[in-house]
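*Asks:* what follows is a predicted protein model with its sequence.
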Amino acid sequence: MIIVRLAGGLGNQMFQYAAARQMAHRLQTTLKLDISYYDSQQLRSYSLSPFAIQETFAAAAELTQIRGKSKNKLVKLFFRVRQNFKLFYRWTILHESHVMPVNRRLWTETGDTYLDGYWQSEQYFQNIEPLIRREFTLKSTPDPYSQEIAAYIADTQAVSIHIRRGDYVSDAHTNRQHGTCGLEYYHACVAHISQKVERPSFFIFSDDPVWAKENLRLPHPVIVVSREDGRLQDATELWLMSLCQHHIIANSSFSWWGAWLNPDPQKQVYAPQKWYRNPHRDNADIIPETWIKI
């Protein structure tokens, strides 16, 4: 059995699911999702239900077997000894101590495994790409507003632009780690793609659509897809993003997936050269080789 701990927003959850799905597929075993992280979260929630994934949740009793639960120091010490020496303990726990480079143990472990990390590279699931694309399709028909936007995307040379702000701006710790892509990055990407795509139309996706409308001025048709009332579901926004022909992504796993799920091999994807603001964090394996770094 493979159990994966889900944490973070939709893009993070998709990376975590995809890496664990590859292990479960390789071993032909059951995959379960640990969503206990969201029990104490106000900002984020479990978000994979709209997709056609294998959605089986790990029970609390199973998680206690893996991680232990007691606050008693002696009991905790005994549990650690059992874990380390595999005394009546069958699980292998793979913690991702560093985001990069990729952890090759995801291709070699053979027993029951618990995954705890972000696993942000397509290398973790590249060998089952068709399966991942199939499972990350929407189970339900999108709402009329989204279908209208989808029809407009289909009639234009559509380029998605993702502007990620939210906690990247409001949370000091997150800002120190990630930072935000500045307007100069978006203008440089638009200038590049305007030389290659005739009459492009830009579809803006953002968790701060008001800021995007007021600050990103382009000499091309612009449609702000994200709604100010926040009623557009994240998974539906991702689907709309993936329908665009080309993509300008933020330093965000959300738009990473929006671009990746576009199956067109001729697509152009622009990504920030600097994924993290923190210079000590490695981003070497996040951006696929065919994407253009600006």
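*Replies:* Arrived safely.

*Asks:* and the next helix or strand past whatever helix or strand residue 33 lives in?
*Replies:* Secondary structure from DSSP states H and E places residue 33 in strand 31-34. Where DSSP H and E defines the elements, the next helix or strand beyond strand 31-34 is helix 60-67.

*Asks:* show me what the strand holding residue 33 packs onto, helices and strands only.
*Replies:* The contact analysis (3 or more Cβ pairs under 8 Å, 6 or more residues apart in numbering; DSSP states H and E) places strand 31-34 against strand 2-5, helix 10-27. Bear in mind the C-beta positions are built from the backbone N, C-alpha and C, glycine included.

*Asks:* ok, now with 10 Å
*Replies:* strand 2-5, helix 10-27, helix 60-67, strand 113-116 (3 or more Cβ pairs under 10 Å, 6 or more residues apart in numbering; DSSP states H and E).

*Asks:* and these as a markdown table, adding distance to residue 291 and mean pLDDT?
*Replies:* As requested, those are exported to a markdown table (distance: least, Cβ to Cβ, whole Å; pLDDT from 0 to 100):
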| stretch | distance to residue 291 | mean pLDDT |
| --- | --- | --- |
| strand 2-5 | 26 | 98 |
| helix 10-27 | 15 | 97 |
| helix 60-67 | 36 | 89 |
| strand 113-116 | 25 | 96 |
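
*Asks:* make TSV out of those and add mean neighbour count and distance to residue 165.
*Replies:* Formatted as TSV, those follow (neighbours: other Cβ atoms under 10 Å; distance: least, Cβ to Cβ, whole Å):
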stretch	mean neighbour count	distance to residue 165
strand 2-5	24	27
helix 10-27	23	15
helix 60-67	14	34
strand 113-116	22	28
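
*Asks:* for residue 208, find the nearest of those.
*Replies:* With Cβ to Cβ, the closest approach to residue 208 among those belongs to helix 10-27: 16.5 Å.

*Asks:* now residue 113: how far from residue 215?
*Replies:* For residue 113, the distance to residue 215 equals 45 Å [Cβ to Cβ, to the nearest Å].

*Asks:* chain neighbours aside, what residue packs nearest to the residue nearest the centre of the chain?
*Replies:* Among the residues of the chain, the one closest to the centroid is residue 11, at 1.9 Å (Cα atoms, centre = their mean). Spatially, and ignoring its direct neighbours in sequence, residue 11 is nearest to residue 253 (2.8 Å; Cβ to Cβ, 6 or more residues apart in numbering).

*Asks:* closest one to residue 176 among the helices and strands packed on strand 31-34?
*Replies:* helix 10-27 (18.1 Å).

*Asks:* packing partners for the closest one?
*Replies:* strand 2-5, strand 31-34, strand 92-95, strand 113-116, helix 129-135, helix 234-243, helix 253-260.

*Asks:* CA-only coordinates of the third one in CSV, if you can.
*Replies:* This points to strand 92-95. What follows is strand 92-95, C-alpha atoms only, in CSV (Å, rounded to 0.1, in the frame of the first residue of the first chain):
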residue,chain,number,x,y,z
THR,A,92,8.9,2.8,5.0
ILE,A,93,8.5,6.5,5.4
LEU,A,94,10.0,8.7,2.7
HIS,A,95,10.4,12.3,3.9
